[in-house]
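Novice: Coordinates for the following, if possible.
(4 chains)
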Number of protein chains: 2
Amino acid sequence: MAQKTDPPVSSPSEEPAWKQRAVERSTKAAKLRAEQRVERFLDAAQAIITEKGTTDFTVQEVVDRSRQSLRSFYQHFDGKHELLLALFEDALRRASDQIRAAASGLPDPRERLRVAVELLFELCRPDPAAQRPLFTDFAPQLLISHPAEVKIAHAPLLALFTEFMTDAEALGALRPSTTPRRAAALTMQTVMFIAQSNGGEDDHAHPLTAEEVWDFCAHGFAAE
Amino acid sequence: MAQKTDPPVSSPSEEPAWKQRAVERSTKAAKLRAEQRVERFLDAAQAIITEKGTTDFTVQEVVDRSRQSLRSFYQHFDGKHELLLALFEDALRRASDQIRAAASGLPDPRERLRVAVELLFELCRPDPAAQRPLFTDFAPQLLISHPAEVKIAHAPLLALFTEFMTDAEALGALRPSTTPRRAAALTMQTVMFIAQSNGGEDDHAHPLTAEEVWDFCAHGFAAE
DNA sequence: ACCGACTGGAGAATATCATTCTCGTTGAAT
DNA sequence: ATTCAACGAGAATGATATTCTCCAGTCGGT
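Specialist: Residues are numbered from 1 along each chain as shown, chains lettered A, B, ... in the order given. From the prediction side, this is the model:
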């Protein structure tokens, strides 16, 4: 996922088939090893993150933890940001699965949406007690440094919300002035961002609840 | 704004009044100079940001541009983050003024809110042609490194929106399940975050419009 | 069993910045 | 004029990411 594997795979007619097969056989093992190594880096980083509750680790830490080498790291990743991106994508994919599992059983699309919003909200808030979700705290950084990749990472969640929104629309439960896709994007981003910006519940009124966020996304602030 | 000016100002009875006045007179000029220097740093940073369209400048650049010295910089700022915070606060205050100026003339609170939302949206989107608003692109970083300060920086805007929301509530234009304060916070953050995450209008459907965002904030996605 | 290309490990070398420190200089209040 | 705090210039430090150099183990082919 991270290497520049671009030997001229083109012009398959220039090379005899046996050679291609030989090369492929030789490559397969290498690819397998590479995947295992990548996996080790990913696991190590994941462990460190959940351990110290922040994404402010050094590449060296990951390397040590995974018992591999700096060289190997940079051979498999274009840089730290790619590692983070990979973890981020993974976390969002898992979140998306989790939400789908929790919501898809419900009969009413509106209920599915409500559960999805509230669960996503909980998953994205900076909770000091959770295995993976502490990712959202660097999402902002990625958003400005690699917006395109972030968009890709958001894709599974967006698809899920779009799916639910489409179901809702079929029942006429959506305002006609918007499309399922737009509503999904707006809702998803609103929930994620609002959740993130609710870190310090130190003083008084701030701790927004999942219900409030759902209410806002579904009905806005204006009276009918 | 940035120095540790904490000489024992306490026990005013131990020093004769004339001495206090003398000290104050002596201090006044120094304070003036300090302010000018701070201003120069701020202006230089501002110029660099609008020039290269990013907040990824080095302290050295700011120092060179302002024709001052590193030492002076760290004498006036606790670090780069304080400089950014100052610029950020300033930008939000100006934005708040601008929005108030544009909206406060309207008779209907709902219209004021609409204008405020749409203008804020335009101000926060990563526009490659604008003098100061390119700040929003590092707001996320500040949000995770100095959430309390960011909250303070948001205060003027939040106050403005709360004011408008309160007016709207007086007309019964707000859903009864929320308070002006909550509605203001949710709306403001939604608008700002959504605007920011609309950087690359490269491909197809994404370019959300101010109208859509307003519609979403006011009415949500659900049909009446 | 031996050769040779490839892979990966250790860790030194670089590069970039923020931040601090040293050493004189200067400007303004007394 | 003297003094003292602030200043300028820029070197030193420290933390990290990233690259580079050297070397050893592996594995298929001979």
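Novice: For stretch A:95-113, buried residues please.
Specialist: Of the residues in stretch A:95-113, A:Ala95, A:Ser96, A:Ile99, A:Arg100, A:Ala103, A:Pro109, A:Arg110, A:Arg112, A:Leu113 count as buried by neighbour count, 16 or more other Cβ atoms under 10 Å in any protein chain shown. Just so you know, the C-beta spots here come from the backbone N, C-alpha and C atoms, and that holds for glycine as well.
Novice: Rebuild those residues as CSV, extending it with pLDDT.
Specialist: Output for those, formatted as CSV (pLDDT from 0 to 100):
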residue, pLDDT
A:Ala95, 92
A:Ser96, 95
A:Ile99, 97
A:Arg100, 97
A:Ala103, 96
A:Pro109, 95
A:Arg110, 94
A:Arg112, 97
A:Leu113, 97
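Novice: What is the most widely separated pair among the residues you listed?
Specialist: Farthest apart among those by Cβ to Cβ are A:Ala95 and A:Arg110. That separation is 20.8 Å.
Novice: So which residue is smack in the middle of chain A?
Specialist: By Cα atoms, centre = their mean, chain A has its centre lying nearest to A:Leu92, at 2.6 Å.
Novice: Now that residue: closest residue in space that isn't a chain neighbour?
Specialist: A:Ala153 (5.3 Å; Cβ to Cβ, 6 or more residues apart in numbering or on different chains).
Novice: cool, and A:Ser145?
Specialist: A:His81 (6.6 Å).
Novice: Now do the contacts for that neighbour.
Specialist: A:Leu142, A:Ser145, A:His146 (Cβ atoms under 8 Å, 6 or more residues apart in numbering or on different chains).
Novice: re the thing from before, now, which of the buried residues of stretch A:95-113 lie within helices?
Specialist: Among the buried residues of stretch A:95-113, DSSP state H puts A:Ala95, A:Ser96, A:Ile99, A:Arg100, A:Ala103, A:Pro109, A:Arg110, A:Arg112, A:Leu113 in helices.
Novice: Just the closest of the residues you listed to DNA strand D, please.
Specialist: Closest approach between those and DNA strand D, by Cβ to the nearest atom of the strand: A:Ala95, at 24.7 Å.
Novice: Tell me if I'm right that the closest one and A:Leu123 touch.
Specialist: Yes. Using Cβ atoms under 8 Å, A:Ala95 and A:Leu123 qualify as a contacting pair, with a distance of 5.1 Å.
Novice: The residue nearest to A:Ser145 is in what secondary structure piece?
Specialist: Assigned by DSSP states H and E, A:His81 belongs to helix A:80-103.
Novice: tell me which parts of chain A are close to DNA strand D?
Specialist: A:22, A:26, A:57-60, A:70-71, A:73-74, A:79-81 (Cβ under 7 Å from any atom of the strand).
Novice: Report the buried members of these.
Specialist: Going by neighbour count (16+ other Cβ under 10 Å), those have A:Phe57, A:Val59, A:Phe73, A:Lys80, A:His81 buried.
Novice: residues of stretch A:163-179 that come out buried?
Specialist: Of the residues in stretch A:163-179, those buried (16+ other Cβ under 10 Å) are A:Glu163, A:Phe164, A:Met165, A:Thr166, A:Asp167, A:Ala168, A:Glu169, A:Ala173, A:Leu174, A:Arg175, A:Thr178, A:Thr179.
Novice: same question but for stretch A:34-51, I mixed them up
Specialist: A:Ala34, A:Arg37, A:Val38, A:Arg40, A:Phe41, A:Leu42, A:Ala44, A:Ala45, A:Gln46, A:Ile48, A:Ile49.
Novice: Excluding chain neighbours, what is closest to the fifth one?
Specialist: Nearest-residue entry for A:Phe41: A:Ser66, 5.2 Å, with adjacent residues in sequence omitted and distances by Cβ to Cβ, 6+ apart.
Novice: Keep only the buried residues of stretch A:34-51 that also lie close to DNA strand C.
Specialist: Answer for the buried residues of stretch A:34-51 near DNA strand C (Cβ under 7 Å from any atom of the strand): A:Ala34, A:Arg37.
Novice: any idea which of the buried residues of stretch A:34-51 is closest to A:Ala210?
Specialist: Taking those together and measuring to A:Ala210 by Cβ to Cβ, the closest member is A:Ile49, at 24.0 Å.
Novice: Mind checking the pLDDT average for the helix or strand in which the closest one is found?
Specialist: According to DSSP H and E, A:Ile49 maps onto helix A:17-52. For helix A:17-52, mean pLDDT rounds to 77.
Novice: which secondary structure elements does the lowest-mean-pLDDT helix or strand in chain A contact?
Specialist: Of all helical and strand segments in chain A, the minimum by mean pLDDT, DSSP states H and E falls on helix A:139-145, at a mean of 72. Applying 3 or more Cβ pairs under 8 Å, 6 or more residues apart in numbering or on different chains; DSSP states H and E, we find helix A:139-145 packed against helix A:80-103, helix A:147-170, helix A:180-196, helix B:139-145.
Novice: Quick check: buried residues in it?
Specialist: Within helix A:139-145, the residues scored as buried using 16+ other Cβ under 10 Å are A:Ala139, A:Pro140, A:Gln141, A:Leu142, A:Leu143, A:Ile144.
Novice: Which single one of those is nearest to chain B?
Specialist: Among the buried residues of helix A:139-145, A:Pro140 lies closest to chain B (Cβ to the nearest Cβ), at 2.8 Å.
Novice: and the closest residue to A:Met192 other than its chain neighbours, how far is that from chain B?
Specialist: Nearest residue to A:Met192, sequence neighbours excluded (Cβ to Cβ, 6+ apart): A:Cys124, at 4.9 Å. Per Cβ to the nearest Cβ, to the nearest Å, A:Cys124 is found 12 Å from chain B.
Novice: so A:Cys124 sits right up against A:Ala195, yeah?
Specialist: Yes. Between A:Cys124 and A:Ala195 a contact is recorded at 3.7 Å, counting by Cβ under 8 Å.
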